[in-house]
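Novice: Coordinates for the following, if possible.
(chains A and B)
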Protein chains: 2
Amino acid sequence: MREEDDMLEAFKTRRLEIEAYLEELFTIKKAEFGKINKLGEDVCDRLRRFATEGKMIRGLLVSLGYALFNGDEEGQSVRRSLIETGAAMELFQSALLIHDDIMDRDQKRRGLESIYHQYSRLPELKDSEDAYHFGESLGICAGDVSFFLGFEILSKLDVRSDIYRSILSLASKEIGYVGVAQMQDVINGANRLPVSEDEILKLYMYKTGRYTFSLPLMVGGLLADVSQETVETLGRLGESLGIIFQLKDDELGIYGKPDVIGKPPGSDIREGKKTLFYGYLRKLASAEQNQQMDGIFGNRDIGAEEITFVQKLAEKLGVRELVDSKIGEHADKTRALIEALQGSVGKYRDSLEHVLEYSLARAS
Amino acid sequence: MREEDDMLEAFKTRRLEIEAYLEELFTIKKAEFGKINKLGEDVCDRLRRFATEGKMIRGLLVSLGYALFNGDEEGQSVRRSLIETGAAMELFQSALLIHDDIMDRDQKRRGLESIYHQYSRLPELKDSEDAYHFGESLGICAGDVSFFLGFEILSKLDVRSDIYRSILSLASKEIGYVGVAQMQDVINGANRLPVSEDEILKLYMYKTGRYTFSLPLMVGGLLADVSQETVETLGRLGESLGIIFQLKDDELGIYGKPDVIGKPPGSDIREGKKTLFYGYLRKLASAEQNQQMDGIFGNRDIGAEEITFVQKLAEKLGVRELVDSKIGEHADKTRALIEALQGSVGKYRDSLEHVLEYSLARAS
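Specialist: Numbering: from 1, shown residues only, chains lettered A, B, ... in the order given. Just a heads-up that it's a prediction; the model follows:
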C-alpha cells in the first residue's frame, strides 16, 4: 500500500507529537536494551528511524477517531493516550512491514533500505556466505521486538480500566487477523490457482482495511468512550475505506505513472499480484487471451509492449469500469456510514470525508 | 533448550487443564479465522498441535509461582486465570520456537516437523521452485499469529485491574528482551569473533532464563498478589535457574549420550555454538590447540575422533570443572533465593527445589 502525505493534514501537529514520543521511547529503550547487548541499542536506532519515516496514517487516525466525538477537547491525559496509542499503531505497522519485506524480498522501504536488508550488510556478517539468511533472521527478531514495544506502550496506557481492556483486546485480535490474511497473500503469490472476488476482498479487508483504518478509528472511538454500536460503525467504515484504498492501489499498480508512484510501470503485472483487477481480467478474457497473459503476469522480463497489451485488454473488456464501480459502491457505503455517525463533530466528519476523497483521487 | 517431562510433576493436572483450554481456544479461533480464509483454519490446527506437544514448563511455572504463596487455595476465578496465563506463556513459547526454527533451519521440533518446514511442503506449493522461502514466510506469519493469540488471552484475563496491568506490561517487556537476546545468538552463529563470559551469561539470562523461569514465576506471584519485592526475588530466582538450565544444556551438547538427548553426539561442536563451555575452552587453549579447533567447531563433517578430541581437551584444561563450578555458584544462589521467599508454602518451596535439583541432575 502506498501512503499519502497530506491525507490527514488537520493532524500535522499530532504527527510531530507522535514522532517526539517515539524519539523519547527509543532513547529509554536504548539504555534498557543496551544492558542486554549492543544489538539491542542498535535495533532501537533502526526502529526509531524506520517508524518515524512513515506517513503515520494509522497513528493519526486514532486522533481522528477521537476528535469525531470530542472535537478539539483534549485533556492532558487524553492527549497523552492519543499520542501513545498512535505510536503503538505505528510500531505494529513497522513490525508488519519488516516481516513483510522479508517475505517479499523487498530491499527498499520508506526510502530506506528494508530492515532485513540493512542487517544482511552488517560488518559482522561480511565474511559469511549466508549473510542474506542472517539478515532475514535479524529482521524477524527486529519485527518481533517492534510488536512487543507496541504492546508495552498499550500495557502502560493511563486510561479507565474498561477502555484499557477493550483497546488491548481489540489490538491483539485485529493484528492476529493481519497475520492470517498475510498467509493468503503469500500463497497467492506462490501459485497460479484462481482466486475468487470474495477471497480477494476479504484479503483486502483483513490485510489492509481493518487494520489500517478500522483498528485506529475504533481505538480513537474507545478513548472517546462512545457506544459499542458506534465503535462497530467505525469498524465497518474502516473496512470500506480500506477496500477503496487497496483498489486504488491496484489501479495505480497497472496504470500509475512510474515517476509519480515511484515504481516501474505495471509493477503489479510483473509481480503477478492477484488483485481484484487481475481476477476480473482473467475471468473475462477469452481462452486465447488468457494464454497470452500466462506468459505476462508474474514475468519480470516483460517490457512496455506487454504492459500496454494488458492495459488495453483490460479497458476493452471493461475491467477498469468494473473495478471503478466496485470503488464507487464502497465510496457510497463509506459516505452513508460517515453520515450515520451519531453525535459526531461536523469538522471531523469533514476530515473523514477528506480521507475518502483523497483515497478516491490519489494518483500516487 | 531441551525440556523435561516430570520436572513439575506436582502440576500434572494443571497441564491437562491448559491443554484442554488450548483445545477450546483453537476451536473458537478456527471458526473465527475460517471467516477470513482456509489458511486461518489450518493454522489453528497446526498451532494447537504444536503448542500442546511441549512440556509446558512455562505454563506450569505460573501455577507454581502462585502456589508458593497461596498453597492449594485456588478459587474458581483464580484457577481460570492460572490456566489462561499458562496457556498464553505456551503460545509465546510456540511463537518464539516457530521463528527460531526458521533462523536455525531446524526441520524438526517437539518430535514433529517444524512449522515452516510443514508449510514448505504444502500441496499448493508443490510446483513452486521457491517453496522453501514460501514456507519460511508462512512460518513468520504463523509465529506472529501465535504471539497475538497469547496477547489476546492476557487481554481478556478476569483479574484485578492493577494485576492485569502488571501482567500485560511484564509479558510484553520480557518477550521483547528475548528478541534482543536472540539477535545476539544469530550474530554469534554467523561469525568466529570471540564472545566474553559476561556476554554469554547475559544471553542465557535474556534468551532463556528470564523468559522461561522468571516471567512465569513472576506472573504467578502477581496473581497471588505478593509484594513487588517478592516479585523481583522470583525474577532473580528465575534468572539463576535459567542459567543453570542452559549450562546443563551446554554440557549435554558436548558430553550427552546421543540416545538419551535425542541429538547426535557433540552436536553443539558441529554447530559451533558459542556456549560458555566454548568460551572457556577457547580462552584456555594454546595457540596450537586453538588452531586445531578452528577446523572442528562449526564443521558439520567432523566425526567421533574430533569430538573426542574436544571432550578430552576440555577435561584436561579444566573447562568442565569451571562450567560445573559456575553451575554450583548459581545453584547456591538459587537455594538462597528460595529460602528467602517470605511467607511461602513449604510444600511448594520443595517443588521449586525439585526444579533446581532436576535441572542439576538431568541427563537429557
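
Novice: low-confidence ranges in chain A?
Specialist: A:1-5, A:258-265, A:363-364 (pLDDT under 70).

Novice: In the stretch 251-364 of chain A, mark out all the helices, start to finish.
Specialist: Assigned by DSSP state H, counting those that start in this stretch, the helices in the stretch 251-364 of chain A fall at A:258-261, A:267-271, A:276-284, A:287-294, A:304-316, A:319-339, A:346-361.

Novice: and for stretch A:160-176, what are the contacting residues?
Specialist: Stretch A:160-176 is contacted by residues A:85, A:88, A:92, A:96, A:147, A:150-151, A:154-155, A:157, A:159, A:210-211, A:214-215, A:218-219, A:222-223, A:225, B:144-145, B:148-149, B:151-152, B:154-156, B:161, B:164-165, B:168 when judged by Cβ atoms under 8 Å, 6 or more residues apart in numbering or on different chains. To be clear about C-beta, it is placed using only N, CA and C from the backbone, and glycine gets the same treatment.

Novice: picking that back up, take the helices of the stretch 251-364 of chain A and write them to JSON lines, including distance to chain B and mean neighbour count.
Specialist: Shown next, in JSON lines, are the helices of the stretch 251-364 of chain A (distance: least, Cβ to the nearest Cβ, whole Å; neighbours: other Cβ atoms under 10 Å in any protein chain shown):
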{"stretch": "helix A:258-261", "distance to chain B": "25", "mean neighbour count": "12"}
{"stretch": "helix A:267-271", "distance to chain B": "13", "mean neighbour count": "21"}
{"stretch": "helix A:276-284", "distance to chain B": "15", "mean neighbour count": "21"}
{"stretch": "helix A:287-294", "distance to chain B": "14", "mean neighbour count": "13"}
{"stretch": "helix A:304-316", "distance to chain B": "22", "mean neighbour count": "15"}
{"stretch": "helix A:319-339", "distance to chain B": "19", "mean neighbour count": "17"}
{"stretch": "helix A:346-361", "distance to chain B": "23", "mean neighbour count": "17"}
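
Novice: Tabulate those helices (TSV), appending distance to B:Q289.
Specialist: Converted to TSV, the helices of the stretch 251-364 of chain A look like this (distance: least, Cβ to Cβ, whole Å):
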stretch	distance to B:Q289
helix A:258-261	60
helix A:267-271	53
helix A:276-284	62
helix A:287-294	61
helix A:304-316	63
helix A:319-339	70
helix A:346-361	67
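
Novice: For B:K108, find the nearest of the ones you listed.
Specialist: Ranking the helices of the stretch 251-364 of chain A by proximity to B:K108 (Cβ to Cβ) places helix A:267-271 first, at 33.7 Å.

Novice: Point out the other elements, helices or strands, that the closest one touches.
Specialist: The helices and strands touching helix A:267-271, judged by 3 or more Cβ pairs under 8 Å, 6 or more residues apart in numbering or on different chains; DSSP states H and E, are helix A:228-255, helix A:304-316.

Novice: Columns distance to A:G266 on top of those, output as a markdown table?
Specialist: Listed next are these as a markdown table, based on distance: least, Cβ to Cβ, whole Å:
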| stretch | distance to A:G266 |
| --- | --- |
| helix A:228-255 | 6 |
| helix A:304-316 | 4 |
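
Novice: among those, which is nearest A:R192?
Specialist: Counting by Cβ to Cβ, A:R192 lies closest to helix A:304-316 out of the helices and strands packed on helix A:267-271; the figure is 15.9 Å.

Novice: Distance from the chain centre to that closest one, please.
Specialist: 28 Å (Cα atoms, centre = their mean, to the nearest Å).

Novice: returning to that earlier point: give me the subset of the contacts of stretch A:160-176 lying in strands.
Specialist: Per DSSP state E, strands hold no members of those.

Novice: Just the buried ones among the residues you listed, please.
Specialist: A:85, A:88, A:92, A:96, A:147, A:150-151, A:154-155, A:157, A:159, A:210-211, A:214-215, A:218-219, A:222-223, B:144-145, B:148-149, B:151-152, B:154-155, B:164-165, B:168 (16 or more other Cβ atoms under 10 Å in any protein chain shown).

Novice: quick one: whichever residue of the stretch 201-350 of chain A sits closest to chain B and B:K173, what's the gap?
Specialist: The nearest approach of the stretch 201-350 of chain A to chain B comes at A:Y206, 5.1 Å away (Cβ to the nearest Cβ). Using Cβ to Cβ, to the nearest Å, A:Y206 is found at 29 Å from B:K173.

Novice: returning to that earlier point: show me the contacts for the residue of the stretch 201-350 of chain A closest to chain B.
Specialist: By Cβ under 8 Å, 6+ apart, A:Y206 lies in contact with A:Y177, A:V178, A:V180, A:A181, B:I36.

Novice: Spell out the secondary structure type for the last one.
Specialist: I take that to be B:I36. Here B:I36 is recorded as coil under DSSP: H, G, I helix; E, B strand; the rest coil.

Novice: who's in contact with it?
Specialist: Going by Cβ under 8 Å, 6+ apart, the list of residues near B:I36 reads A:Y177, A:V180, A:A181, A:Q184, A:K202, A:Y206.

Novice: These: which two are farthest apart?
Specialist: A:Y177 and A:Q184 (11.2 Å).

Novice: what about A:E74, how many neighbours?
Specialist: Look at A:E74: counted by other Cβ atoms under 10 Å in any protein chain shown, it has 17 neighbours.

Novice: ok, now which ones touch it?
Specialist: Shown in contact with A:E74 (Cβ under 8 Å, 6+ apart): A:Y66, A:L82.

Novice: Backbone dihedrals for it, please?
Specialist: Torsion angles at A:E74 (phi, psi; degrees, to the nearest 10) stand at phi -120, psi 110.
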